[in-house]
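Participant: Return a 3D structure for these sequence lines:
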Amino acid sequence: MITSSQLSRVLRYCIYACAFVPLIIFSQYISPFHFGKVVVFRSMIEVMAGLYLLLIWQDRSFLPRRDAFFWSFFAFAAAFSLATVFSVNPYQSFWGTLERMGGVWSFWHYFIFYVMLTSVFRTKDEWYTFLKITVGVGLLSAFYGFGQRTTISFFIGSGGRERIFGTIGNAALFAGYQIINVFLALILAFDEKKKNLRNLYFAGAGIMSLAVFMTVVRGSLLGLVVGFIVLSFLYFLETHARPAKIAFYSMLVAMALFAGFAFLFDTSSFVQNSPFLKRVTNVSLSNATVETRIWAWQAGLKGWSEGPKTMLVGWGPENFNIPFSKYFNPKFFTGAGAETLFDRAHNMFVEVLVTMGLIGLLAYLGIFFAIFKNLWRIQRKPEYRWPAMTLMAMTVAYMIHNSFIFDTSANFIAFFSALGFMSFLNSQTYPAPAAPSVSVAKPRPGLYLTLAAVMFIAIGYLIYQTNVLTAIANYANTRGIVWGANDDFNSAVDYYKQSVSYNVAGRYDYRNKYAQYLLDYTSSNPIDNKVQDVIKDAIVWEQKNADENPLDYLPELYLSRLNIILGKSDPKSPYNDIALQHSEKALSYSPTFVRTYFEIGQAYLNKNDMVKAEATFQKAVDLNPEAGISWWYLAAVEMQEGKVDQALQLVDKAIATGYQLSENDYLTLASTYIKRSDFPHLVSVYQGLVKVSPSNPSYHASLAVAYSKVGRIDDAVAQAHAAVAADPSYEPQAKAFVQSLGRTW
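Facilitator: From the prediction side, this is the model:
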């Protein structure tokens, strides 16, 4: 039978291995920077939990250390679970979304990780070894981020990227992960006696600080700088050391100078020509990023205040999208590609309040209360003053950072590792009274081995069902994406069907990807009987999403779009009516979501009901008159009704509000303006076509004719030459055209 010392040694090395999880990237999977980290981490924790149970069966001294840090963390995990029980979508709250890999199931793994961390690591050497590995991994992630500034294909996201995201996949999340590691490196530096190693840790902190700056995430930069100021202030407060005083006042002056610089020179060419300065100096409330964050918080807070239940326990973890959609601000929608779905609040405190209610927020704040209360007490001991003050500064920096973003796997692992170290410092500074010794009978070897075997078989089955099968389904879905990109419809559909057939976490996203592929495919390919059958199959799967995700408008919109495709060629098709039913349901979930009106309008166009189609697109325009695409769709309906003058006026509004015409849009307008002999507008249309497709000689030739009609002879000649440059066979016609204008070729 394996001994307790052997088990604790194995667990110690497993915990060391967990520190490497932030480096994991599953490049061939959906959500490559989060999915792999979580499924590997969960699998590791589940195996380690089995080993830990065997360990405490043999030696009760390894039971969890139950201090203020433990209870605050446990209280938040319990509040997380309570909110899941009362969630509007318990399945999603339990498993989380595929993109973020959150949910209460994953969160309890972080808690178990913390329990084992604080129970198994008992000495300063063990903790410092773990911190060194953690900081080393943070450095590797930083260097990976630096590689993204190059064109080396090894680094995912490379290509001269202006904002790096390391191995975390998102600049803001990466910045938060690096912030924690910066302060952990400073702890190691000031505790190191050897000068060379101390300088190495300082260099590491500097490198990771540089990585934070290269993310150009304003909230994270603010957090890091304020964290440094807090650290220098605390150190000066306790020691009155002159270097700390100089550092504190220097950073305050630097912040004031930067604020003045940003105010005075934010519109200067020097700032505007620098991507870094242009972003960090733009802190206006009218900034697009700032505006969308505020709108998202407003929608979430409206949802939170909806009733006693939502105020107490929220809408459920991973369900921020529901109140966000219900109170959607139409200004979010500016056209195709606009960010109109926030699955997180981009503010951890608002996120927790909206999804877990007051109970969850108080529990979450309780973690920070426990941190500051106990670290303030710990820092009174000279031998632990520096790490305690550094951890307080780190927590301030992280709270500021989290006021503009949220946590995911790598951030949780790093933060809860730091929390575990705080618990260790607390145990060393204020050890708990020794518990009375209790005689515990040693487990019988036969029973011990039998139960261990049964437990690990169960753990293996759990890992297979919750992690391996999910990974298989994810990979199959990405194969569908790859084959679809390679124009292999049959292979793509086979893989999509395979991925949705697994009844695993992530199925919501797999079904949506299947539907989205068919929408993209049918937009540029003929729809035969085979394609129709595949669409009908996708509808069955998407209906499951609608049934399993109440109050979520997205499945209803997918169902509407798929049915619109089936009913497009027949005004009397029942699919058009079915599409309208789904669109109306989506509208009941999100009354101000602009895109839903496009689906309703398209269904009415299928039915040749121009009056209702026009009224529907007019509602879309009324919701947000700044969205040019809404004006364009309304213009298209007016055109079909024969209201050409009105339609062309709407086209001008569409263009004035930022709508970018496609090649087909330009061609449609060209035919209309030709019929009306509207040459000034034809000039604009063909100028657009030349920009869209500069190698098309006929567009240059047509623009030359349009120029000649409005008296711009020199421009007409230039375009005639451009047509010949694009296709030499145009030379005879171009030569004759130029000569007809009285010019020589």
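
Participant: ok, and what's touching stretch 497-510?
Facilitator: Residues from elsewhere that reach stretch 497-510, judged by CB atoms under 8 Å, 6 or more residues apart in numbering: 30, 92, 95-99, 103, 465-466, 469-470, 472-474, 476-477, 480, 496, 511, 513-514, 537, 541, 544-545, 548-549. For every residue, glycine as well, the C-beta is placed using N, CA and C.

Participant: now do 7 Å
Facilitator: 30, 95, 98, 469-470, 472-474, 476-477, 480, 511, 514, 541, 545, 549 (CB atoms under 7 Å, 6 or more residues apart in numbering).

Participant: Run a quick check on E663 versus P694, I expect a contact.
Facilitator: No - checked against CB atoms under 7 Å, the pair E663 and P694 is beyond contact range at 11.8 Å.

Participant: hang on, the earlier thing: right, and the pair among the contacts of stretch 497-510 with maximum separation?
Facilitator: Within these, I472 and N549 form the most distant pair, 22.8 Å apart (CB to CB).

Participant: higher neighbour count, these two?
Facilitator: Of the pair I472 and N549, N549 is the one with more neighbours under other CB atoms under 10 Å, namely 20 against 15.

Participant: show me the contacts for that one.
Facilitator: Neighbour list for N549: 89, 92, 508, 555 [criterion: CB under 7 Å, 6+ apart].

Participant: any idea which of these is closest to A579?
Facilitator: Of all the contacts of N549, A579 sits closest to P555, with 13.4 Å by CB to CB.

Participant: what's F146 in contact with, if anything?
Facilitator: Shown in contact with F146 (CB under 7 Å, 6+ apart): I164.

Participant: of the contacts of stretch 497-510, closest to R12?
Facilitator: T470 (28.8 Å).

Participant: Go ahead and confirm that closest one touches V38.
Facilitator: No - using CB under 7 Å, T470 is not in contact with V38; the gap is 9.5 Å.

Participant: can you give me the helices in the stretch 351-500 of the chain?
Facilitator: 385-402, 409-429, 445-463, 469-485, 489-501 (DSSP state H, counting those that start in this stretch).

Participant: wait, which of those helices is closest to Q719?
Facilitator: It's helix 469-485; of the helices of the stretch 351-500 of the chain, that one is closest to Q719 (CB to CB) at 36.3 Å.

Participant: Which elements pack onto the closest one?
Facilitator: Applying 3 or more CB pairs under 7 Å, 6 or more residues apart in numbering; DSSP states H and E, one finds that helix 469-485 makes contact with helix 35-58, helix 489-501, helix 507-522.

Participant: picking up where we left off before, overlap in contacts of T470 and V38?
Facilitator: With CB under 7 Å, 6+ apart as the test, T470 and V38 reach no residue in common.

Participant: one step back: tell me the buried residues within the contacts of stretch 497-510.
Facilitator: Buried members of these, scored by 16 or more other CB atoms under 10 Å, are 30, 95, 98, 469-470, 473-474, 476-477, 480, 511, 514, 541, 545, 549.

Participant: Return the mean pLDDT over the helix or strand in which E291 is found, rounded to an integer.
Facilitator: In this assignment (DSSP states H and E), E291 forms part of helix 288-304. Mean per-residue pLDDT for helix 288-304: 91.

Participant: Remind me what it packs against, helices and strands.
Facilitator: helix 308-313, helix 321-326, helix 348-378.

Participant: Please identify the most buried of those helices.
Facilitator: helix 321-326 (a mean of 24; mean count of other CB atoms under 10 Å).

Participant: which residues are in contact with that helix?
Facilitator: With contacts defined as CB under 7 Å, 6+ apart, helix 321-326 is touched by 88, 296, 299-300, 302-304, 315, 341-343, 354, 551-553, 589-590, 593.

Participant: repeat for stretch 668-681
Facilitator: Contact with stretch 668-681 is made by 644, 651, 682, 685-686, 706, 709-710, as judged by CB under 7 Å, 6+ apart.

Participant: With distance to L139, pLDDT and neighbour count as new columns, can these be given to me in TSV?
Facilitator: Below are these laid out as TSV (distance: CB to CB, whole Å; pLDDT from 0 to 100; neighbours: other CB atoms under 10 Å):
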residue	distance to L139	pLDDT	neighbour count
V644	65	86	14
V651	55	90	26
L682	60	91	23
V685	55	91	26
Y686	56	92	25
A706	60	94	26
K709	66	91	15
V710	63	91	13
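
Participant: Perfect, I'm done here.
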